[in-house]
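Colleague: Here is a sequence together with a model predicted from it:
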Number of protein chains: 2
Amino acid sequence: MQEQQQDFKNVFCMEGGQGESSYINNSQSQSRNLKMMLYALEETLDKIQLPRHRPGNKPLLTAADLGCSCGQNTLLIADVIVDHMTDKSFGSKDDDGLEFCFYFSDLPSNDFNTLFHLLPQQAAAAGRDGRQSRRYFAAAVPGSFHDRLFPERSINVFTSTFSLHWLSQVPKRVVDKQSPAYNKGKVFVHGASEETGTAYQRQFRSDMMRFLHCRAAEMKPGGAIFIVSLGRLSSTRGPTEQGYIYEVYCSMFEDSLRDLIEEEMVDGEKMDNFNVPLYAATVEEFKEAVDADGSFKINQLELVMGSPPVVDDPANRGVVGRMVANYMRALFGPLVNTHIGGAMADELFIRMQCRAEIRAEELVDEMCFAHILCSLSLV
Amino acid sequence: MQEQQQDFKNVFCMEGGQGESSYINNSQSQSRNLKMMLYALEETLDKIQLPRHRPGNKPLLTAADLGCSCGQNTLLIADVIVDHMTDKSFGSKDDDGLEFCFYFSDLPSNDFNTLFHLLPQQAAAAGRDGRQSRRYFAAAVPGSFHDRLFPERSINVFTSTFSLHWLSQVPKRVVDKQSPAYNKGKVFVHGASEETGTAYQRQFRSDMMRFLHCRAAEMKPGGAIFIVSLGRLSSTRGPTEQGYIYEVYCSMFEDSLRDLIEEEMVDGEKMDNFNVPLYAATVEEFKEAVDADGSFKINQLELVMGSPPVVDDPANRGVVGRMVANYMRALFGPLVNTHIGGAMADELFIRMQCRAEIRAEELVDEMCFAHILCSLSLV
């Protein structure tokens, strides 16, 4: 597990490339959910100060998407920001050519090459046709959003969508055999012991505060952050009850891994020493972290139920099973590959697919994730 | 050929990955030559204005390496800049924490993923051990240095090493069957007709002026550019005499392609419609372009003979042949793959290797490339 800890930043990413289980081909749900929430991104943009002319310079708006992965969604966000801020500056004294610089940031293991191939090639400033070309300068920034990524006071607006539920690491106590928080026989926090739950909860809080602390240093005065993250309903039941859909997913995954262990294809230890650092926080947990950091004021913070999954043929169990397995693999594939090897990961996801076929109707009806929607302004 | 023209920016790059013919494993000569010229980079850095404190901000120095590829050399340049500027600011009123942001730029087809794996993971500002971590914020910028890449007045220092000899495209007349500049039966400008030579020369001039025009817009006041590029001795003989070592390389390559055509493995057209947009300019051609653009003054401009190649066992013909073939493939591999397919490219480089084995002694003794060394300051 120490290995998993140390290597997390090196191996963790969404599945790259263009294959069937790539993130690019399995992020339609995120896309649909994101589109539902773009109004809130626009409202966040309305909070930021328009950049001003400096002598001899066009005003420059810098934006960064943190945890961008390598799909179309990050480009959609860039377009929304450019459209909205261009409209907003129109008619103001700064409407003669606002420049945009957009930073795509994710861990170094992210497939940036695929992202670059999606990008319209030429920045608009080169004087080419605006429709064909990118209306912003683009750069990729490799690194963890739990650390500093940008120079001081260099960014006007941060976005982070479907990323902040990924913790910086599995909490140390969860992988310590001597600790009551040791997550024996489980892979997720959902359904784990209370101690494991508390460890995950603390890790989230500490990660979120680091995230906010770094962003506060990097943000220009008048800046804002827009966040969409997996979340869970507030309840008295605590962090080990991540929600019904997690129960379905986690149990399918854990049962499939257990199959491989029972069939002696995978060593039993591989269950105890594998944990997925995914945590769906409540609105209250978000608020607590923001308040504790103190650099930001909350413009909006709520739980929004996402839309159901995009399935080509929802009546076809085979199609649903395949979609669910691909979706899981797009998210966890690289982690699982590293832990049990590619061949065993293939086996595992085949078993997940069978389980998903059996539960196809339930999955199509109930596969809606709750999201935290959060808009913050620098104090 | 139209296809080659259009796709140039999409396919052109140094060979990525970590394989035997990857750029990362075949850029030792560039490394050695670069190290010889670092004194001139430091002199260029001495010309730039130190960034100043702004209220509430640390002073920030931004640097960009254009045509960075994916090897260690670009990281070496970043380190030299950070070291030198840190020393320079030491003792000044700005010595309490100069921040650095380094942009690695190349065409979108460059293997940025490999580059990101080489980068020390964490930026120093995260407060970790300075030796282990990167002392600069890092970002990758995909695009052609013949176009705009950065917002206005955003960069203090540009570097471009071993890149500016790559033209933005094969000159149009060179691929026009009706033109006297049509480069029939040849792949390089070396040894081509006078008309072909003139077309390459004009393309270089126009590309170089676009490069300088874009950089002038992107540069902060007081900024400077450091360039190392393949160059050739001034002569009355013109651009089709690129130099002796080009003659050796070009003829080995062209003869190998001719072999495949004669053996009917590759269609004869593939010779006439393949051109490598590589041009070694003279000091005078550089000066002309800089003067015509008018935005920069020349601090230094000279031709420097590079050091001989790095060969493990120079007496072993097999080793030399392999090194030469890998070196060529690191530079031209992706272009050749696109033009005749990977399998035929394998065949071609095997034949190159045989030819290089035969000429091993000559290659070891004379494989020194001349370089233009150029330092410019924004007027």
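Modeller: Done, it's in.
Colleague: Am I right that A:Ser256 is in a strand?
Modeller: No - if the criterion is DSSP: H, G, I helix; E, B strand; the rest coil, then A:Ser256 is helix and not within a strand.
Colleague: For it, which non-adjacent residue is spatially closest?
Modeller: A:Arg351 (3.8 Å; CB to CB, 6 or more residues apart in numbering or on different chains). All C-beta atoms are positioned from the backbone trio N, CA, C, and that covers glycine.
Colleague: same question, A:Asp46
Modeller: Of all residues not flanking A:Asp46 in the chain, A:Lys88 sits nearest, at 7.3 Å (CB to CB, 6+ apart).
Colleague: contacts for the helix or strand harbouring that neighbour?
Modeller: Element membership for A:Lys88, per DSSP states H and E: helix A:72-89. Contacts of helix A:72-89 with the rest of the structure, by CB atoms under 8 Å, 6 or more residues apart in numbering or on different chains, involve A:24, A:27, A:30-31, A:34-35, A:38, A:41-42, A:45-46, A:50, A:59, A:61, A:63, A:65, A:68, A:95, A:98, A:100, A:102, A:104, A:115, A:118-119, A:135-136, A:138, A:157, A:159, A:161-162.
Colleague: circling back: what residues are up against the residue nearest to A:Ser256?
Modeller: Neighbours of A:Arg351 in contact, by CB under 8 Å, 6+ apart: A:Asp255, A:Ser256, A:Asp259, A:Leu260.
Colleague: could I get these as a markdown table with pLDDT and neighbour count?
Modeller: Putting these into a markdown table (pLDDT from 0 to 100; neighbours: other CB atoms under 10 Å in any protein chain shown) gives the following:
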| residue | pLDDT | neighbour count |
| --- | --- | --- |
| A:Asp255 | 93 | 12 |
| A:Ser256 | 93 | 21 |
| A:Asp259 | 93 | 17 |
| A:Leu260 | 92 | 19 |
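Colleague: any chance of those residues in JSON lines, plus distance to B:Ser375?
Modeller: Shown next, in JSON lines, are those (distance: CB to CB, whole Å):
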{"residue": "A:Asp255", "distance to B:Ser375": "65"}
{"residue": "A:Ser256", "distance to B:Ser375": "61"}
{"residue": "A:Asp259", "distance to B:Ser375": "65"}
{"residue": "A:Leu260", "distance to B:Ser375": "61"}
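Colleague: and the residue nearest the centre of chain A, which of the three is it?
Modeller: When CA atoms, centre = their mean is applied to chain A, the residue found nearest the centroid is A:Ser163 (1.7 Å). Assigned by three-state DSSP, the conformation of A:Ser163 is coil.
Colleague: Look up phi and psi at it.
Modeller: When read as degrees, to the nearest 10, the backbone of A:Ser163 gives phi -130, psi -40.
Colleague: Who's the closest spatial neighbour of it, skipping the chain neighbours?
Modeller: A:Gly67 is the one closest to A:Ser163 (CB to CB, 6+ apart), at 2.6 Å.
Colleague: Neighbours of that neighbour, how many?
Modeller: Using other CB atoms under 10 Å in any protein chain shown, the number of residues around A:Gly67 comes to 23.
Colleague: Surely it and A:Ser105 touch.
Modeller: Yes - assessed by CB atoms under 8 Å, A:Gly67 is found in contact with A:Ser105 at 7.3 Å.
Colleague: residues from the stretch 151-300 of chain A in reach of chain B?
Modeller: Residues of the stretch 151-300 of chain A lying close to chain B (CB under 8 Å from any CB of the partner chain) are A:Pro151, A:Glu152, A:Arg153, A:Ser154, A:Cys214, A:Ala217.
Colleague: For the last one, give its distance to B:Glu264.
Modeller: Same thing as A:Ala217. 65 Å (CB to CB, to the nearest Å).
Colleague: Those two - which one has more neighbours?
Modeller: Comparing A:Ala217 with B:Glu264 by other CB under 10 Å, the one with more neighbours is A:Ala217, at 15 against 8.
Colleague: next structured bit after the lowest-mean-pLDDT helix or strand in chain A?
Modeller: Lowest on mean pLDDT, DSSP states H and E among the helices and strands of chain A sits helix A:2-11, with a mean of 54. As assigned by DSSP H and E, the chain's next helix or strand after helix A:2-11 is helix A:28-36.
Colleague: quick one: buried residues of that next one?
Modeller: Burial within helix A:28-36, assessed by neighbour count using 16 or more other CB atoms under 10 Å in any protein chain shown, is assigned to A:Gln28, A:Ser29, A:Gln30, A:Asn33, A:Leu34, A:Met36.
Colleague: just these now: which is nearest chain B?
Modeller: Proximity of the buried residues of helix A:28-36 to chain B (CB to the nearest CB) peaks at A:Gln30, which lies at 22.2 Å.
Colleague: Isn't the closest one up against A:Phe162?
Modeller: Yes - assessed by CB under 8 Å, A:Gln30 is found in contact with A:Phe162 at 5.1 Å.
Colleague: I'd like to know how far A:Glu285 sits from A:Ser206.
Modeller: 12 Å.
Colleague: Hmm, I typed the wrong one, I wanted A:Met344.
Modeller: Counting by CB to CB, the gap from A:Met344 to A:Ser206 is 32 Å.
Colleague: Next, the buried residues of the helix holding A:Lys88.
Modeller: Buried-residue list, helix A:72-89, by 16+ other CB under 10 Å: A:72-78, A:80-82, A:84-85, A:88-89.
Colleague: Rounded mean pLDDT for it, please.
Modeller: In this model, helix A:72-89 carries a mean pLDDT of 91.
Colleague: Going toward the C-terminus from that helix, what's the next helix or strand?
Modeller: Following helix A:72-89 toward the C-terminus (DSSP H and E): strand A:99-106.
Colleague: Spell out, range by range, the helices that occur in the stretch 51-200 of chain A.
Modeller: Along the stretch 51-200 of chain A, counting by DSSP state H, counting those that start in this stretch, helices occupy A:72-89, A:112-118, A:194-218.
Colleague: Run a quick neighbour tally on the residue nearest to A:His117 when sequence neighbours are not counted.
Modeller: Spatial nearest neighbour of A:His117, excluding adjacent residues (CB to CB, 6+ apart): B:Pro108 at 6.2 Å. Close neighbours of B:Pro108, defined as other CB under 10 Å, add up to 23.
Colleague: ok, now A:Asn26?
Modeller: 25.
Colleague: quick one on the thing from earlier: A:Glu285 and A:Ser206: which has the busier surroundings?
Modeller: A:Glu285 (20 against 16).
Colleague: Three-state assignment for the more buried one, please.
Modeller: Going by three-state DSSP: A:Glu285 is helix.
Colleague: correct me, but A:Met219 touches A:Leu149?
Modeller: No - judged on CB under 8 Å, A:Met219 makes no contact with A:Leu149 at a distance of 11.7 Å.
Colleague: And for the nearest residue to A:Pro180 once chain neighbours are set aside, the neighbour number?
Modeller: Closest residue in space to A:Pro180, ignoring its immediate chain neighbours: A:Glu195 at 4.4 Å, by CB to CB, 6+ apart. Look at A:Glu195: counted by other CB under 10 Å, it has 16 neighbours.
Colleague: Over to the one 5 residues further on?
Modeller: Residue neighbour count, defined by other CB under 10 Å, stands at 31 for A:Tyr200.
Colleague: got it, and A:Tyr39?
Modeller: 9.
Colleague: now swap in A:Leu378 and tell me
Modeller: 21.
Colleague: Could you check how far stretch A:261-271 is from the centre of its chain?
Modeller: Relative to its parent chain, stretch A:261-271 has a centroid offset of 30 Å by CA atoms, centre = their mean, to the nearest Å.
Colleague: Could you tell me the end-to-end distance of that stretch?
Modeller: One end of stretch A:261-271 to the other measures 8 Å (CA to CA, to the nearest Å).
Colleague: Tell me the gap between whichever strand or helix holds A:Met252 and the middle of its chain.
Modeller: If you go by DSSP H and E, A:Met252 is part of helix A:244-262. Distance of helix A:244-262 from the chain centroid (CA atoms, centre = their mean) equals 22 Å.
Colleague: list the buried ones in it?
Modeller: A:245-246, A:248-254, A:256-260.
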